[in-house]
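Enquirer: sequence plus the predicted model coming up.
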Amino acid sequence: MEIHLDTMRKSEQIAFELRDIYEQYGYRKFRMAKFEEYDFYQANRDFVGSGQILAFTGINGKLMALKPDVTMSIVKNTRATLEAPEKAYYTESVYRASLEAGEFREITQIGVEFIGEVTLYTQSELVSLALKSLACLDKNYILDISHMGMLTGLLNELALPGGGKRAILSCVEKKNQHELAALIESFGINGACKPALLKLAALCGPLKSSLKELEPFVLNEQMREAFNELCALSSIFEDVSALRLDFSITGASHYYNGLMLRGYIASLPRALLVGGRYDPLLKRMGKPELQAMGYAIHFDEIERYLTPPVAFEYDAVVLYDEKTDPALTHKIVEALVSLGNRVYAGKTKPPRAERAKVYDASEKTLREVLP
Amino acid sequence: MSLDYLDIALPKGRLGDKVYKLFASVGYDCKGLLEDSRKLIFQDDNTRVRYFLIKPSDVAVYVERGAADVGVVGKDILLETEPRVYELQDLKLGRCALCVAAQNGYEEEYGSMLRVATKYPNVAREYYRKQDRDIEIIKLNGSIELAPIIGLTDVIVDIVETGTTLKENGLSVYREIAPCSARLIANETSYKFKQARIEELIKKLSEVL
């Protein structure tokens, strides 16, 4: 059967292409129920974005939730071990509060999760899949990466209260150098930490050259490990200009601990690919022996920004009347469909058939179209 | 997003005029922008810059949604709306402060719920949340200073520039919440794809600020 990709909605086309890519790399489709028990999300509600969950009472009186997140369900159900990891992808609807809409919205997410032992190769595979995914969406794309080990390693050097660390991270996330400088001053941060903080906040550029700039500011073992992981990626993706380093990408340290990913395409005003390494989430969910990394692509706004699909058109029209033998019409239609045509059979020519070839349902036509 | 032009959202009014003069002084001029007209878009094909004149409180919305690459907005509005944008530079124009103000001689009564009149409900809520203070917010859109005078509220949370309006109405600053000024902001995606142009703008502005 021929598949007409051009008349699918763009998100359907992309989902189709991404599925193909993920399966080629050994990721298997993960299916799950639409609902989970509300309590399941309650303990980790800030992991699911806004933290608001659409809940309802189930038939047996239990409080249930419409799934706000897929990753947690995969973690809960995984049978992965360090030796036999789980490589999963999904195309699912999730239900989250939208600040813009002021209401809950159904959002289609496509994502990839790796649960097991996250090696350097695993990280490079996920970076590669993220790059390929973005390339399916737009020819102008950028994948920014950062590393939580670099940020937390530096913050651990500073004797600051929790609120102080949060304020510093917030400035790094916003690329707000002027307020970061004021915070450094007010907290009395001196020595090597001061230029290192300012450098992390300012860095944003190609991976290789940015790492070179960063190296003098690596201050401790945790930062060194993170730096080495980034260098390993840099050597694998040396020629990929779309892969860049940007430490404004952060995540909550009780969920994320390693490489972070954020993907952009020029036609969308915000990041649409978001992910990273999330070993702490597994620990919180009772699987401390496992490691994990993944990302999700949010499709909620994408339709508006991507090229609209080609309008549906028929390739062939088969016209019949009351006197025509239906078996003959059936044979002609089947023959045309088997040749890859989109066929309309009826008594009159339909709209959207301007370029379609028109056939009479006759023995002559059957001889003409039979393969 | 047009990759050729740098789209700049300017706040309409006095602050916008000052910001435009600053931008023009470092090479981002656009003919006709300061002339008296009702036009809202100005484009200069030499500098490859396009200006949009926007209501000050909407600038961050245009930038967050990618309708403009960069924009200039007051810190008070950034604190109130918390848009998902990069805050790249303090332009040091339009300096003022977000303050709690009350009638002269006011002493806060901790035994009862505090009534607060403001255009900045999120800022006020966050400020008093940090103090574990129970408050009732009365959202007003103008003439905020009137509220404590006629007993509608105990205090107001508003921006104070020179303090003249407060003084003329028998009010004074009770606590300062945050200093404010005009900030250069950028859309996340625009920053990625037009980084060189945006950084060039920041560099040129830094040289004159």
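Expert: Received, thanks. Bear in mind that the values here come from a model prediction, so they are computed numbers and not experimental data.

Enquirer: what's around the residue of the stretch 151-300 of chain A found nearest chain B, how many residues?
Expert: Nearest residue of the stretch 151-300 of chain A to chain B: A:Pro269, at 2.6 Å (C-beta to the nearest C-beta). Every residue, glycine included, has its C-beta placed from N, CA and C. A:Pro269 has 23 neighbours, counted by other C-beta atoms under 10 Å in any protein chain shown.

Enquirer: which secondary structure element is home to it?
Expert: Using DSSP states H and E, A:Pro269 sits in no helix or strand.

Enquirer: and for it, nearest residue in space, chain neighbours not counted?
Expert: Spatial nearest neighbour of A:Pro269, chain neighbours left out: B:Gly66 (2.6 Å); criterion: C-beta to C-beta, 6 or more residues apart in numbering or on different chains.

Enquirer: and the pLDDT for the one you found?
Expert: Per-residue pLDDT puts B:Gly66 at 93.

Enquirer: what's the distance between it and A:Lys174?
Expert: B:Gly66 sits 17 Å away from A:Lys174, going by C-beta to C-beta, to the nearest Å.

Enquirer: now residue 155: closest residue in space, sequence neighbours ignored.
Expert: Looking at chain A here, since you left the chain open. The shortest distance from A:Leu155 to any non-neighbouring residue, by C-beta to C-beta, 6+ apart, is to A:Lys165 (5.0 Å).

Enquirer: wait, I meant chain B there
Expert: In space, and not counting its chain neighbours, B:Val155 is closest to B:Ala102: 4.4 Å by C-beta to C-beta, 6+ apart.

Enquirer: run a quick check on the one you found versus B:Leu171, I expect a contact.
Expert: Yes - counting by C-beta atoms under 8 Å, B:Leu171 is a contact partner of B:Ala102 at 6.5 Å.

Enquirer: farthest from the middle of chain B: give me that residue.
Expert: Distance from the C-alpha centroid of chain B, by C-alpha atoms, centre = their mean, peaks at B:Gly111 (34.1 Å).

Enquirer: for the chain, what helix or strand is lowest in average pLDDT?
Expert: Picked chain A for this. Here the helix or strand of chain A ranked lowest by mean pLDDT, DSSP states H and E is helix A:302-305, holding a mean of 71.

Enquirer: wrong chain, I was asking about chain B
Expert: strand B:41-44 (a mean of 89).

Enquirer: list the buried ones in stretch A:149-158?
Expert: Going by neighbour count (16 or more other C-beta atoms under 10 Å in any protein chain shown), the buried part of stretch A:149-158 is A:149-155, A:157-158.

Enquirer: stretch B:161-171 too?
Expert: Neighbour counts over stretch B:161-171 (16+ other C-beta under 10 Å) mark B:166, B:169, B:171 as buried.

Enquirer: surely B:Ala68 is within a helix?
Expert: No - counting by DSSP: H, G, I helix; E, B strand; the rest coil, B:Ala68 is not part of a helix but coil.

Enquirer: could you point out the longest strand in chain B?
Expert: When chain B is parsed with DSSP state E, its longest strand is strand B:171-180.

Enquirer: quickly run through the sheet partners of that strand, with directions.
Expert: In the sheet, strand B:171-180 lines up against strand B:96-103 (antiparallel) (DSSP bridges).

Enquirer: tilt between the helix or strand that the partner strand is followed by and strand B:96-103?
Expert: Per DSSP H and E, the first helix or strand lying C-terminal to strand B:96-103 is strand B:114-118. Counting by axes from the mean of the first three to the mean of the last three C-alpha atoms, to 10 degrees, strand B:114-118 points 130 degrees away from the direction of strand B:96-103.

Enquirer: who touches the least confident helix or strand of chain A?
Expert: Helix A:302-305 has contacts (C-beta atoms under 8 Å, 6 or more residues apart in numbering or on different chains) with A:9-11, A:14, A:137, A:265, A:267-268, A:272.

Enquirer: show me the contacts for the spatially most central residue of chain B.
Expert: Centroid-nearest residue in chain B: B:Gly74, 1.7 Å away (criterion: C-alpha atoms, centre = their mean). B:Gly74 makes contact with B:11, B:15, B:56, B:94, B:96, B:159, B:180-183, according to C-beta under 8 Å, 6+ apart.

Enquirer: how much space between it and chain A?
Expert: 15 Å (C-beta to the nearest C-beta, to the nearest Å).

Enquirer: got phi/psi on that residue?
Expert: phi -70, psi 150 (degrees, to the nearest 10).

Enquirer: next one: B:Ile202
Expert: Main-chain torsions, B:Ile202, degrees, to the nearest 10: phi -60, psi -40.

Enquirer: so it touches B:Asp90, yeah?
Expert: No - applying C-beta under 8 Å as the test, B:Ile202 and B:Asp90 come out as separate, 11.0 Å apart.

Enquirer: more neighbours: which of those two?
Expert: Comparing B:Ile202 with B:Asp90 by other C-beta under 10 Å, the one with more neighbours is B:Asp90, at 21 against 17.

Enquirer: leaving out chain neighbours, which residue sits closest to the more buried one?
Expert: Nearest non-adjacent residue to B:Asp90 (C-beta to C-beta, 6+ apart): A:His178, at 4.4 Å.

Enquirer: still on that earlier bit, can I get the buried residues of stretch A:149-158 in TSV including distance to A:Leu203, pLDDT and secondary structure?
Expert: Output for the buried residues of stretch A:149-158, formatted as TSV (distance: C-beta to C-beta, whole Å; pLDDT from 0 to 100; DSSP: H, G, I helix; E, B strand; the rest coil):
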residue	distance to A:Leu203	pLDDT	secondary structure
A:Gly149	15	95	helix
A:Met150	10	95	helix
A:Leu151	12	93	helix
A:Thr152	16	92	helix
A:Gly153	15	94	helix
A:Leu154	12	94	helix
A:Leu155	16	92	helix
A:Glu157	18	90	coil
A:Leu158	19	88	coil
